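**Student:** Okay, here's the prediction I keep looking at, along with the sequence it came from:
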Amino acid sequence: MKQLRLDKYLSDMSVETRSRLKQMIRYGQVSVNGVPARKPEMKVTPGEDTVTVRGEEIVYREREYYMLYKPAGVVTAVTDRKEKTVMDLLPGVRRSDLSPVGRLDRDTEGLLLITNDGALSHRLLSPKHHVEKVYYAEIEGEVTEEDCLAFREGLDIGDETLTLPAKLEILPDGDEAAVKSAQADDAEDCEIRSAEPKSRVKVTVTEGRFHQIKRMFEARQKRVAYLKRLSMGSLVLDESLKKGEWRRLTPEETAALTGGGKE
Ligand code: URA
């Protein structure tokens, strides 16, 4: 791997802010191959040089993968001049090349992968690769078998081409297990949302067009009242996370998603 400045190496690994790191290096708290480093601009090679901070080794991870349970009310962007972004929910994570994979609307909740693995982002988003994205949705009024058929055949949502075949499943009303496994959310929200007649559905698409699920239902003269992404390919939202919480992917999740490191 290519050489990096020592302060960038440590800031990428979220050890401290760049300015604090500069101080720490000058105070001799950072060593490279056992020798205290004095200059933040010193070049190190990840995987070859051993970098320690106050005796603790900091191993460089070239690629990073985070799962965020996106809450409603934040925008899917790296920065925004006015609005809170999904990146603001990972305050201790300082790496500057991370970005969210695919966009969830401001009011959409659920699984969001954040990574600096560009090849993976491309593979997950490109319609050519047919990666399934599964959503739980609550729809105003009644969703019918005709809607399921129309989703399967492809819908005209105002784009140049019809949507690719999608799977629409109507979740049985009152089937707590099905609803819970699809939604697994706090009961309070659930009660508020079920105050008016709604259909609960699961939708599987292999594309990621702008407002796709909402526009697919609009094409059927229906409105999405609530939307939550449950999974993306092999990656499933960890329901032990609370809304707004995040964690690193496990090695198993990363391997399943990236094909065990193969490009
Ligand atoms: N489809 C939508 O309409 N919105 C989202 O946030 C994701 C998929």
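**Tutor:** Thanks, I have the structure now.

**Student:** Pull up the residues of the protein that are close to the ligand.
**Tutor:** With CB under 6 Å from any ligand atom as the criterion, the chain comes near the ligand at residues 104, 105, 108, 211, 212, 213, 214, 227. Just so you know, the C-beta spots here come from the backbone N, C-alpha and C atoms, and that holds for glycine as well.

**Student:** Let me see the ranges of the helices in the protein.
**Tutor:** Counting by DSSP state H, the chain has helices at residues 6-12, 18-26, 118-125, 145-153, 176-183, 187-193, 212-218, 251-258.

**Student:** Select, out of the ones you listed, the one closest to residue 64.
**Tutor:** With CB to CB as the criterion, residue 64 lies closest to helix 6-12 of these, at 8.5 Å.

**Student:** any idea how far the ligand is from residue 240?
**Tutor:** Residue 240 sits at a distance of 23 Å from the ligand (criterion: CB to the nearest ligand atom, to the nearest Å).

**Student:** give me phi/psi at that residue?
**Tutor:** Dihedral pair for residue 240: phi -80, psi -10, per degrees, to the nearest 10.

**Student:** Give the residue spans of this structure that score low on pLDDT.
**Tutor:** Across the chain, the ranges flagged by pLDDT under 70 are 174-196, 261-263.

**Student:** hmm, what's the outermost residue in it?
**Tutor:** Going by CA atoms, centre = their mean, the residue of the chain most distant from its centre is residue 35, 39.1 Å out.

**Student:** wait, residue 217 sits on residue 139?
**Tutor:** Yes - the criterion here is CB atoms under 8 Å, and residue 217 meets it with residue 139 at 6.0 Å.

**Student:** thinking again about what came up before, and the residues of the chain next to the ligand, which are buried?
**Tutor:** For the residues of the chain next to the ligand, a neighbour count by 16 or more other CB atoms under 10 Å gives the buried set as 104, 105, 108, 212, 213, 214, 227.

**Student:** for the fourth one, what are its contacts?
**Tutor:** Looking back up the chat, that one is residue 212. 157, 163, 205 (CB atoms under 8 Å, 6 or more residues apart in numbering).

**Student:** okay, the residues you listed in TSV with neighbour count next?
**Tutor:** Shown next, in TSV, are those (neighbours: other CB atoms under 10 Å):
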residue	neighbour count
157	18
163	22
205	22
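
**Student:** Touching stretch 213-230 from outside, list them.
**Tutor:** Contacts of stretch 213-230 (CB under 8 Å, 6+ apart): 70, 104-105, 107-112, 133-141, 143, 147, 150-151, 155-158, 163, 166, 182-183, 185, 193, 198, 202-203, 205, 209, 236-237.

**Student:** If we use 6 Å, what do you get?
**Tutor:** Contacts to stretch 213-230, defined as CB atoms under 6 Å, 6 or more residues apart in numbering, come from residues 108-111, 134-140, 147, 155, 157, 193, 198, 203, 237.

**Student:** Kindly report the same for stretch 232-241.
**Tutor:** So stretch 232-241 is in contact with 69, 110, 111, 131, 133, 184, 230, 256, 257, going by CB under 6 Å, 6+ apart.

**Student:** Sort out for me which of those are in strands.
**Tutor:** Among those, DSSP state E puts 69, 110, 111, 133, 230 in strands.
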